[in-house]
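K.L.:
Whatever this is, show me its structure:
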Amino acid sequence: MTKRNADHNASFKPAWWLPGGHLQTVWQTLCRRPIKNLNLRRERFELPDGDFVDLDWVGVGSGPIVLVLHGLEGSICSPYAKGMLSAVLQRGWRGVFMHFRGCSEEINRHPRSYHSGDTQDVASVMSAIHERESKTVLAAVGFSLGGNVLLKWLGESGEKSLLKAAVAISVPFELHKTADRVSQGFSRIYEINFLWSLRKKMRAKFDIQTSPIELPQLKKLKSLREFDEKVTAPLHGFCSADDYYQKSSSRQFLNKIQVPTLLLQSKDDPLMTADVLPHEDELSSQVTLELSEKGGHVGFVTGDLPWRAQYWLEQRVPEFLTQYLS
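P.N.:
Down below sits the predicted model:
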């Protein structure tokens, strides 16, 4: 594992029975045992613009709070969601999983949805939590799209950030490169799955409310780039998909981050290209990049046998955060 600006001497050791980035990526979705008996408490959080997001809480007391942000079309049902909340709970902290607009199995009120550069909702949620508990220590963990949102927000906030520490995992630092990569080879499987979910959600929403844009025939949109060009960009005030990608990519914000932040990335991530990774001189002194040879996209599965699979992120993330939350 390559570590830039890092002094941590542990490393991820991939499971020998999951060779390649694709197997690391799909293992949790296809084979991970469900996490049961996690006592979730849902909060409907009202946003300043009249819309809402749903928060799922774990833990009680007055300990630190760790916000968890999901990836594209993720939810509390995503395999990594309850795993990370469980890891947070085991440390004696409280966890709050934030669903982006429209991702909690209920259609959001406004025509707009969520996107990779939308930091305002996260800012609203964290500001409200800070107002409720001004002395509570706050941290955040973001996966994929959620990691991009988190890093952009940290860069925008600078020294005014409410967080004591953050971790971002499998981040698409340059969105246009990820959009192109996911259309190639076997990675097209992920794109098809994303598009199926996005199109279904758009149909459901605009069956009950009027669209502010002229919606194309959704079934004709065959790539994420096409979807972002025809739907995401105009729905959220961008001129084009390229305008959306350029303004929302987190790579340009990394040198502005003033909070201890760990980036966990894998070289064999099937949704990325090698040139999407930031160079050391792009990172602020507060940002550490740990780059592994293997691990896939939000995978990082280890263990000597399949029925003894272990999820390294749920060890490494709390270990890093402990330095700042204890």
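K.L.:
mind listing what's buried in the one helix or strand residue 245 maps to?
P.N.:
Using DSSP states H and E, the secondary-structure element containing residue 245 is helix 241-248. Using 16 or more other C-beta atoms under 10 Å as the test for burial, helix 241-248 gives 241-242, 244-246, 248. For every residue, glycine as well, the C-beta is placed using N, CA and C.
K.L.:
same thing with stretch 158-165?
P.N.:
In terms of neighbour count (16+ other C-beta under 10 Å), stretch 158-165 has its buried residues at 161-165.
K.L.:
Tell me how far stretch 102-120 lies from the chain's centre.
P.N.:
Centroid separation for stretch 102-120 versus its chain: 14 Å, with C-alpha atoms, centre = their mean, to the nearest Å.
K.L.:
quick check: mean pLDDT across it?
P.N.:
Along stretch 102-120, the predicted local confidence has a mean pLDDT of 97.
K.L.:
swap in stretch 172-192?
P.N.:
97.
K.L.:
gap between the two ends of it?
P.N.:
Using C-alpha to C-alpha, to the nearest Å, the span of stretch 172-192 from its first residue to its last is 18 Å.
K.L.:
Bridged to residue 166, which residues?
P.N.:
Assessed by DSSP bridges, residue 166 has beta-bridge partners residue 140, residue 261.
K.L.:
From what I see, it and residue 258 are in contact.
P.N.:
No - in terms of C-beta atoms under 8 Å, residue 166 does not count as a neighbour of residue 258; the distance is 10.9 Å.
K.L.:
Between these two, point out the one with more neighbours.
P.N.:
residue 166 (29 against 17; other C-beta atoms under 10 Å).
K.L.:
Do you know the pLDDT at residue 302?
P.N.:
98.
K.L.:
Give me the distance between it and residue 296.
P.N.:
Applying C-beta to C-beta, to the nearest Å, one obtains 12 Å for the distance of residue 302 from residue 296.
K.L.:
Which one's more surrounded, the two?
P.N.:
For residue 302 and residue 296, the more surrounded residue by other C-beta under 10 Å is residue 296, and the numbers stand at 25 against 21.
K.L.:
Pull out the buried residues from stretch 232-242.
P.N.:
Residues of stretch 232-242 classed as buried by neighbour count (16+ other C-beta under 10 Å): 232-236, 238, 241-242.
K.L.:
Among the residues you listed, which are located in helices?
P.N.:
In helices, defined here by DSSP state H, the members of the buried residues of stretch 232-242 are 233-235, 241-242.
K.L.:
does residue 168 really touch residue 264, like I thought?
P.N.:
Yes - the criterion here is C-beta under 8 Å, and residue 168 meets it with residue 264 at 7.4 Å.
K.L.:
if you go through the stretch 151-300 of the chain in chain order, where are the strands?
P.N.:
Using DSSP state E, counting those that start in this stretch, the strands found in the stretch 151-300 of the chain span residues 165-169, 261-266, 287-292.
K.L.:
Not counting sequence-adjacent ones, nearest residue to residue 62?
P.N.:
Taking C-beta to C-beta, 6 or more residues apart in numbering as the measure, residue 62 lies nearest to residue 136, with 6.8 Å between them; neighbours along the chain are not counted.
K.L.:
Validate this expectation: that neighbour resides in a helix.
P.N.:
No - residue state for residue 136 (DSSP: H, G, I helix; E, B strand; the rest coil) corresponds to coil; a helix is not indicated.
K.L.:
contacting residues for it?
P.N.:
62-65, 129-130 (C-beta atoms under 8 Å, 6 or more residues apart in numbering).
K.L.:
Same question for residue 250.
P.N.:
Residue 250 sits next to 147-149, 151-152, 155, 168, 171, 173 when contact means C-beta under 8 Å, 6+ apart.
K.L.:
Dump the contacts of residue 136 to JSON lines, plus secondary structure.
P.N.:
Shown next, in JSON lines, are those (three-state DSSP):
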{"residue": "62", "secondary structure": "coil"}
{"residue": "63", "secondary structure": "coil"}
{"residue": "64", "secondary structure": "coil"}
{"residue": "65", "secondary structure": "strand"}
{"residue": "129", "secondary structure": "helix"}
{"residue": "130", "secondary structure": "helix"}
